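**Student:** The sequence isn't on hand, but the structure is:
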């Protein structure tokens, strides 16, 4: 069984650490090597590999220092992005093995053009594609590409745990309530998140099932959401509604 922990970094990043029973581990998107090294030292862990979802510095900035400390580790990352230090380039459809567990590589373009995710048996590390109650900005890809990536994630089993890379939940909920204020699941989730954050607890991981209930970017076919964007466009198919929501969130 894999044990997954979060290592906070910067203002709101999470570096995810996957540990087996033999004190070996893998880290996902280590933007800051220092916090990782401190955690490994304190917990007597050996780093075997790094997994990267996309090229942004807050996800890759710690690679070189970690490789200096652990020179024999594997660094897995997207084949379609230029990231220094990658030893194993992967694309959608590939798979890797982590401590006898198979992880499938998902193409999740939208936030960046080469963004990937890592899907295990009951967990997905999705970088900056899907957040709890939100989704990533479109820095390189199109709205259609991001929508297709979110559809891949939405189609996963509802009990799949979603390990996002940022603690954006509170601000995302504020937007989601502006879009769908009468959603009772979203109202209840707001209260849960407020309690967690009041005690400085993470809101992640979330699950696909929960996100399908509360995340407006996965719910563009819902009547209240369609009504909320109807004054912005006459095109109200799911992709068009998603596109409007993403543009609205940029301004929120």
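**Tutor:** Cool, the structure landed. Here the structure is a predicted model, which is why all the values come from computation and not from measurement. Numbering: from 1, shown residues only.
**Student:** Verify the contact between residue 40 and residue 47 for me.
**Tutor:** Yes. Residue 40 is in contact with residue 47 according to C-beta atoms under 8 Å; the separation is 6.0 Å. Quick note: C-beta positions are derived from backbone N, CA and C, even for glycine.
**Student:** anything in contact with each of these two?
**Tutor:** residue 25 (C-beta atoms under 8 Å, 6 or more residues apart in numbering).
**Student:** The stretch 101-250 of the chain: strands as residue ranges?
**Tutor:** With strands called from DSSP state E, counting those that start in this stretch, the stretch 101-250 of the chain shows them at 101-107, 116-119, 123-127, 130-131, 134-135, 161-164, 206-207.
**Student:** and stretch 29-45, which residues are buried?
**Tutor:** Using 16 or more other C-beta atoms under 10 Å as the test for burial, stretch 29-45 gives 29, 30, 31, 32, 33, 35, 36, 37, 39, 40, 45.
**Student:** do you know how far the closest residue to the fourth one other than its chain neighbours is from residue 220?
**Tutor:** Read it as residue 32. Counting by C-beta to C-beta, 6 or more residues apart in numbering, residue 32 lies nearest to residue 9, which is 4.2 Å off, once chain neighbours are set aside. When distance is defined by C-beta to C-beta, to the nearest Å, residue 9 is 32 Å away from residue 220.
**Student:** again with residue 95
**Tutor:** For residue 95 relative to residue 220 (C-beta to C-beta), the value is 31 Å.
**Student:** Compare these two (neighbour count), which wins?
**Tutor:** Neighbours were counted for residue 95 and for residue 220 using other C-beta atoms under 10 Å; residue 220 has more, 22 against 11.
**Student:** Show the backbone phi and psi for the more buried one.
**Tutor:** Note on residue 220: its backbone torsions stand at phi -70, psi 0 [degrees, to the nearest 10].
**Student:** Next, format the buried residues of stretch 29-45 as TSV and append pLDDT and distance to residue 60.
**Tutor:** Below are the buried residues of stretch 29-45 laid out as TSV (pLDDT from 0 to 100; distance: C-beta to C-beta, whole Å):
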residue	pLDDT	distance to residue 60
29	98	7
30	98	8
31	98	7
32	98	11
33	98	11
35	98	15
36	98	13
37	98	16
39	98	18
40	98	18
45	97	21
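**Student:** Among these, which one sits closest to residue 211?
**Tutor:** Ranked by distance to residue 211 (C-beta to C-beta), those are led by residue 29 at 19.6 Å.
**Student:** what residues are up against the closest one?
**Tutor:** 13, 15, 16, 51, 52, 53, 59, 60, 125, 127, 165.
**Student:** Just the buried subset of the residues you listed, please.
**Tutor:** Using 16+ other C-beta under 10 Å, the buried ones in these are 13, 15, 16, 51, 52, 53, 59, 60, 125, 127, 165.
**Student:** The residues you listed in strands, which ones?
**Tutor:** Among the buried ones among the contacts of residue 29, the ones falling in strands (DSSP state E) are 13, 15, 16, 51, 125, 127.
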